[in-house]
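Engineer: when you get a sec, could you give me coordinates for this:
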Amino acid sequence: MPLTPEEKEQRKANKATVEAERELIRSTYGLDPFKRLDRDTARTTIGEVTREEVRSIIDTFYRLQDNRTRTGNQKSALERAGKRRSVIDWFYAYFEATEKNIEIVLDEYVKTQALGRWVTSIHGISKILAAGLLAQIDITKAPTVGAIWRFAGIDPSIIRLSRDDADTIVKENCKGKSPTQEEVAKIANDLNRRFESVWRQGTEQPKKNAKPGDAVSKTVGTVTKKSLAAGLARRPYNDDLKKLMWKIAEQVCSFHAKSEKSFYGPLYFQRLAYETKKNEAGDYADIAAAKLNKVGKATKSYAAYKEGKLGEAEINNRARRWTVKLFLAHYHHVAYNLEFGKNPPNPYAFAILGHSKIIGPPNWPMSEDE
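Structural biologist: Here you go, the predicted model:
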């Protein structure tokens with residue numbers, strides 16, 4: 001929508017005010033304005049960026065975003081109090097400009113990959129979210145979408161254990177002096193975890209604070225009962241990827257769900273209606289009964305559990321998780337196709353309103369010019 005003449009004048013006035021403040025900062029404190037990165041430089045640099053570096057860049061982006069938000073609150077408080085805020089303004093502009101520079105770099109990173117171009121073709125998925133997916137998920141290590149679900153922490157069968165629970169499991173399953181591969185394999189199967197991951201995480205590592213010349217324990221590099229319990233109590237998923245899934249759910253199930261361009265929004269609302277119907281029919285009564293004594297009696301959750309139902313928020317989360325799992329199934333399909341030149345062997349059938357149906361990835365295959 002074009003700007004009105006009044007809006008154009010206001011924009012010019014705002015720009016002039018910003019420039020005047022920057023000049024004041026430069027002349028008073030010697031602080032130069034932060035320069036914006038040009039795309040040619042970003043394009044040249046991005047070819048040398050590794051997946052690990054992109055993960056670090058994204059982490060820096062979100063930290064800067066938090067700092068900008070806090071600085072913005074300070075800036076507003078000073079403005080309301082009628083106090084000078086030139087230096088705070090400079091730092092706010094610094095954080096904002098750095099964020100934009102990172103966005104430029106990540107945008108170029110995403111554009112260089114066909115998978116990245118597909119992800120950003122989906123309404124609601126930004127270049128930052130797309131870059132996060134590309135950096136966190138290695139399709140060569142995910143033969144099925146289930147592997148990604150577990151890695152992202154959205155497989156409800158994967159439970160994070162407390163150290164006490166892990167100690168109990170090891171004590172009950174490992175009878176000898178040291179755990180055997182057969183015993184660890186049984187534990188991994190019972191917990192729905194991969195044996196290789198459990199064995200690797202259960203292997204004793206050198207002490208992090210060890211100094212050169214310190215004696216190394218003879219058990220380093222082996223799996224002991226203590227190291228196995230410690231490994232089982234570790235987070236069984238990638239926390240950064242799980243947070244990324246929450247951000248994606250916010251976009252496709254909340255902010256953009258009702259948009260005409262949204263692919264996943266209508267599916268989310270269908271699933272929400274489906275979950276609500278099942279809840280009203282008492283299909284989740286057993287889950288509610290198991291949770292009844294784990295919440296306070298004054299909570300809304302307790303009132304719902306007492307009636308043999310799940311709370312409204314839980315039903316919404318079930319629908320959101322289903323939608324994100326569908327998105328990841330599509331992501332896996334496209335990534336697998338691009339990496340290996342063929343479709344995954346077993347596409348996942350998602351139940352919609354009581355019947356199974358294969359829902360293909362949106363905007364796929366993409367045209368040559370996309």
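Engineer: now the stretch 251-370 of the chain, which segments are flagged as low pLDDT?
Structural biologist: For the stretch 251-370 of the chain, the stretches with pLDDT under 70 are 347-356, 368-370.
Engineer: which stretches in it count as helices?
Structural biologist: 264-280, 285-291, 300-306, 312-340 (DSSP state H, counting those that start in this stretch).
Engineer: try the stretch 51-200 of the chain
Structural biologist: 51-80, 86-111, 114-120, 127-136, 145-152, 163-173, 181-190, 195-201.
Engineer: deepest of the helices of the stretch 251-370 of the chain, which one?
Structural biologist: helix 312-340 (a mean of 20; mean count of other CB atoms under 10 Å). The way it works is simple: take the backbone N, C-alpha and C, and place the C-beta from them, glycine included.
Engineer: that one versus helix 127-136: what angle between them?
Structural biologist: Going by axes from the mean of the first three to the mean of the last three CA atoms, to 10 degrees, helix 312-340 is angled at 60 degrees with respect to helix 127-136.
Engineer: so which elements touch helix 312-340?
Structural biologist: Judged by 3 or more CB pairs under 8 Å, 6 or more residues apart in numbering; DSSP states H and E, helix 312-340 is in contact with helix 114-120, helix 145-152, helix 239-250, helix 264-280, helix 300-306, strand 350-352.
Engineer: out of these, which gets nearest to residue 135?
Structural biologist: helix 239-250 (9.0 Å; CB to CB).
Engineer: mind checking which of the helices of the stretch 251-370 of the chain is nearest residue 127?
Structural biologist: Comparing those by CB to CB, helix 312-340 comes nearest, at 15.3 Å.
Engineer: could you check the angle the closest one makes with helix 264-280?
Structural biologist: Counting by the same axes, to 10 degrees, helix 312-340 lies at 130 degrees to helix 264-280.
Engineer: chain center to helix 312-340: distance?
Structural biologist: Averaged C-alpha coordinates place helix 312-340 at 12 Å from its chain's average position (CA atoms, centre = their mean, to the nearest Å).
Engineer: could you give the number of residues near the residue lying closest to residue 240 once chain neighbours are set aside?
Structural biologist: The shortest distance from residue 240 to any non-neighbouring residue, by CB to CB, 6 or more residues apart in numbering, is to residue 136 (6.3 Å). Using other CB atoms under 10 Å, residue 136 has 20 neighbouring residues.
Engineer: for residue 136, give its distance to residue 153.
Structural biologist: For residue 136, the distance to residue 153 (CB to CB, to the nearest Å) stands at 12 Å.
Engineer: overlap in contacts, the two.
Structural biologist: Listed as contacting both residue 136 and residue 153 by CB atoms under 8 Å, 6 or more residues apart in numbering are 238, 241.
Engineer: so which of the helices and strands packed on helix 312-340 comes closest to residue 15?
Structural biologist: Closest to residue 15 of those is helix 114-120 (CB to CB; 29.7 Å).
Engineer: what average pLDDT does the closest one get?
Structural biologist: If you average the pLDDT over helix 114-120, you get 97.
Engineer: now the helices of the stretch 251-370 of the chain in CSV, with distance to residue 225?
Structural biologist: As requested, the helices of the stretch 251-370 of the chain are arranged in CSV below (distance: least, CB to CB, whole Å):
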stretch, distance to residue 225
helix 264-280, 42
helix 285-291, 30
helix 300-306, 37
helix 312-340, 35
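Engineer: list just the one of those that sits closest to residue 120.
Structural biologist: With CB to CB, the closest approach to residue 120 among the helices of the stretch 251-370 of the chain belongs to helix 312-340: 12.2 Å.
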